[in-house]
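> I'll drop the sequence and a predicted model, then ask my questions.
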Amino acid sequence: MNMDQINALFEVFGAVAVLPSIYKAYRSKVIRGVSIITPLFFASWGFWNIIYYPSLEQLWSAAAAVFLATTNTTWLAQVWIYRRGEV
């Protein structure tokens, strides 16, 4: 396993870690007690990685970054949709 693949695993684990939040928000239609700054930062970092990793020829990491950016963006969309409380 090379360094690109190891880094890609971290990206994938990060994306998988966001999935419970997506599921819980979908089920409850409410988001409370969470700062928008953290997921906004990590979503933007994920999008940057989609551009950055290919420049380093780290295609495994780039593919995993797409997954991470997608999960973070999905969660951010839920924050926006459910921002007014119960829907």
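Nice, I can see it. Numbers count the residues shown, from 1 in each chain.
> quick check: phi and psi on residue 24?
phi -60, psi -40 (degrees, to the nearest 10).
> would you mind checking which helix or strand in the chain has the lowest mean pLDDT?
helix 37-55 (a mean of 92; mean pLDDT, DSSP states H and E).
> now do the residue most central in space within the chain against residue 3, distance only.
The centre of the chain sits closest to residue 72, judged by CA atoms, centre = their mean, with a distance of 2.7 Å. Separation of residue 72 from residue 3 (CB to CB, to the nearest Å) stands at 23 Å. Where C-beta positions appear, they are placed from N, C-alpha and C, glycine not excepted.
> OK, contacts around the residue nearest to the centre of the chain?
Contacts for residue 72 (CB atoms under 8 Å, 6 or more residues apart in numbering) come out as 15, 18, 39, 42-43, 46.
> quick one: which two of those residues are the most distant?
For those, the farthest-apart pair by CB to CB is 15 and 39; their separation is 12.2 Å.
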